[in-house]
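Peer 1: no sequence on this one, just coordinates:
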């Protein structure tokens, strides 16, 4: 029988010996939510336990797809270090550094289980009121609801040239 944590949509990654691997949360599932007038987002209960393991210390940043990425700080820091170790002489790398690290903002879960989405990030992702929080393994994505529906429609449309080569032989 699945544990409550698994049923809730969040699990802890386990190492080969069955022990928690640094209690790294795994997020999955899609949840429709509402931003309040101040730009606060109530984190669903199914994700709060995993985020509490991060002591409520989170990083919210921009994604090139025009959504926002929400990471526990401990999961974000190696990504930031790896990105900043790349040469900024390449304009493409510098652009990605500016986007991801430049927009990164430390956010904390308040006593009511909410985070404040900074105005600049709300504008970047065109977040107004109706939003969708999407689990993506080590991170969560925050989408404008209409943009999420558009992305989902694109993902399920059959491309004329077939699936990407990386999916050859992939089966569910």
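Peer 2: All right, it came through fine. The structure displayed is predicted, hence computed values, not measured ones. Numbers count the residues shown, from 1 in each chain.

Peer 1: leaving out chain neighbours, which residue sits closest to residue 73?
Peer 2: residue 57 (4.2 Å; CB to CB, 6 or more residues apart in numbering). All C-beta spots, glycine's among them, are computed from the backbone N, C-alpha and C.

Peer 1: pLDDT at that neighbour, what is it?
Peer 2: As predicted, residue 57 sits at a pLDDT of 87.

Peer 1: how near is the residue nearest the centre of the chain to residue 72?
Peer 2: Geometric centre of the chain, nearest residue: residue 140, 2.2 Å, by CA atoms, centre = their mean. Using CB to CB, to the nearest Å, we find residue 140 at a distance of 10 Å from residue 72.

Peer 1: identify the bridge partners of the residue nearest to the centre of the chain.
Peer 2: For residue 140, the beta-bridge partners are residue 70, residue 135 (DSSP bridges).

Peer 1: so how far is the helix or strand that contains residue 81 off the chain centroid?
Peer 2: Using DSSP states H and E, residue 81 falls within helix 73-84. How far helix 73-84 lies from its chain's middle: 14 Å, per CA atoms, centre = their mean, to the nearest Å.

Peer 1: against which helices or strands is that helix packed?
Peer 2: Helices and strands touching helix 73-84, as assessed by 3 or more CB pairs under 8 Å, 6 or more residues apart in numbering; DSSP states H and E, comprise strand 20-27, strand 57-62, helix 91-100.

Peer 1: need the winner for burial among those.
Peer 2: strand 57-62 (a mean of 21; mean count of other CB atoms under 10 Å).

Peer 1: hey, what's the residue nearest to residue 73 bridged with?
Peer 2: residue 108.

Peer 1: ok, residue 87 - contacts?
Peer 2: Counting by CB atoms under 8 Å, 6 or more residues apart in numbering, residue 87 touches residue 93.

Peer 1: so is it in a helix, a strand, or just coil?
Peer 2: Per DSSP: H, G, I helix; E, B strand; the rest coil, the secondary structure class of residue 87 is coil.

Peer 1: kindly provide the distance from it to residue 97.
Peer 2: Distance from residue 87 to residue 97, by CB to CB: 10 Å.
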